[in-house]
Every structure is written in structure tokens, then in C-alpha cells.
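Model the structure of this input:
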Amino acid sequence: MAISVVQLGSARAAGEGVRIGTVRRPPRGVPKEEFSSRNYYDVWLPILSPSQALVSEAKAATTDAEWAAFVRSFRKEMKVPEASHVLDLFATLSNASHFSIGCYCENESRCHRSVLRRLLEERNATFAAEACA
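Numbering: from 1, shown residues only. Down below sits the predicted model:
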């Protein structure tokens, strides 16, 4: 049982489980009924996405210092009880179920999902063995 951290829209791994989209917006130009069949997500959970202001900050970050500022701000957003409770739930469920979380970004190291991964690691979540980790 484990969490996979994925790029939404990528091919699903065997046994990946339910794919959860931790993004601010649904994929553009894709009918809602095709989100799952096109490997975006089965469930949309925008509470684990950065605020729109932080999405803009992350996209504009070109230096390590700018990225670090985004990470600090996003971690602060994830401390609100609603988001923190979901992270706690995911960490607990990772020991009993397979599921995945993801975002559209190609490079995980410059994506909020890398921060989600660290936040879940801090909660002792179990992760699937992955090439993109």
C-alpha cells in the first residue's frame, strides 16, 4: 500500500489506484467525463493546490531563492486545518491503500507536488517506488 506522486496526464502505473488531482484548475479543453480516461484524475482535490497567487509565484520562480520563497509560502498554506487534515488522512491511508496524487507540471522538483511529497514524508506516509521521486 502506498502513495504514488505523478504527473497528471501521464500513463498510469499498474496498481496505482485512484488518481487525485491536486491542482487549482481542471485540464483545459478536456470534457469532464474524460478526465479519468485521459489519465488526468479520478477525483479533483484543489485544497492541496497552491492559491492562485502562489501558482503565479511558482511559475515565475527562476532562481533557487525564489523557489524557496514559494515553498515556504505553500507550506504555510498547507498548515490551515482543512489542508493539514487531508495530508494527515493521506499519510494514514498510504498504509492501507494504493492511490496517487499529482499535478500537470513536467518537472516534479519545481512543482508543488514535491512539497506535498515532503509534507507527507514528514507524516510518515508510505510511497510507491518511483522513477520520478
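
Can you show me the CA trace of stretch 32-40 as CSV?
Backbone C-alpha positions of stretch 32-40 (Å, rounded to 0.1, in the frame of the first residue of the first chain) are rendered in CSV as follows:
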residue,chain,number,x,y,z
LYS,A,32,-15.2,16.5,-17.6
GLU,A,33,-16.3,12.9,-18.4
GLU,A,34,-12.9,12.3,-20.0
PHE,A,35,-10.6,13.4,-17.1
SER,A,36,-10.2,9.9,-15.8
SER,A,37,-9.9,8.1,-19.2
ARG,A,38,-7.3,10.6,-20.3
ASN,A,39,-5.2,9.9,-17.2
TYR,A,40,-5.7,13.3,-15.6
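
List the residues that contact residue 39.
Residue 39 sits next to 8, 9, 10, 11, 12, 19 when contact means Cβ atoms under 8 Å, 6 or more residues apart in numbering. Using the backbone N, CA and C atoms, a C-beta is placed for each residue, glycine as well.

Equivalent analysis for residue 88, please.
Residue 88 is in contact with residue 123, counting by Cβ under 8 Å, 6+ apart.

Surely it is in a helix?
Yes: for residue 88, which was evaluated using DSSP: H, G, I helix; E, B strand; the rest coil, the result is membership in a helix.
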